[in-house]
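Peer 1: Output the structure for:
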Amino acid sequence: MHRIAVAALVLGLAIQPALAGDKIRLQVPIPLAEGHDIDDEIISHCGVAEEFTRRLTRELRRVAVPEQAPITDMGGRVLKVEIVDALWSGNWFIEHDQTIRVRGTLYRDGEHEAAFNGVIMGRGGGLTSGCFQMNSYFGAMTWHIRRWLRNPVDGARIGQGG
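Peer 2: Sure, this is the predicted structure:
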């Protein structure tokens, strides 16, 4: 029995680097899309890019390893995600109407493999802050991205209705 345990341990240690090599490389931090029209207050006060990066890195921890941007060596599988839009109207009294949009592209050895567009719209918040609500929507989007990575279909719409 002892030999089986030792053999399993040795096999596990030998396979672990190979499995790590199969992970997707996630470009971080998640940037705002070029030409975005996101209000400066949302960017600076809510920290959506930083919070989305943190949440996405955590959500994908079993399938992806974060790598600092820009990723120039496109060998293997690389996922690049960006924030396209973050809209917010209302206040804590009348509630918040918010929409977030993200997009991402998965590359394999530098070639486009698949891409998605993600949208989540919501109303609510009550007595919560708009930043809390918006970052919650970005957190929900991370689940949709992880789900998409199981079967990356090019041109997929994820999030609400995806």
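Peer 1: Output the below-cut-off pLDDT ranges for the chain.
Peer 2: Applying pLDDT under 70 to the chain flags residues 1-21, 92, 125-127, 161-162.
Peer 1: any idea where the strands of it begin and end?
Peer 2: Using DSSP state E, the strands found in the chain span residues 24-28, 64-68, 77-91, 95-108, 111-124, 156-159.
Peer 1: closest to residue 41 out of those strands?
Peer 2: Evaluated over the strands of the chain, closeness to residue 41 peaks at strand 77-91, with 8.7 Å, by CB to CB. All C-beta spots, glycine's among them, are computed from the backbone N, C-alpha and C.
Peer 1: That closest one: which residues count as buried?
Peer 2: Residues of strand 77-91 classed as buried: 77, 78, 79, 80, 81, 82, 83, 84, 86, 88 (neighbour count, 16 or more other CB atoms under 10 Å).
Peer 1: for this protein, which residue is closest to the average position?
Peer 2: residue 56 (3.8 Å; CA atoms, centre = their mean).
Peer 1: Not counting sequence-adjacent ones, nearest residue to that one?
Peer 2: residue 142 (4.7 Å; CB to CB, 6 or more residues apart in numbering).
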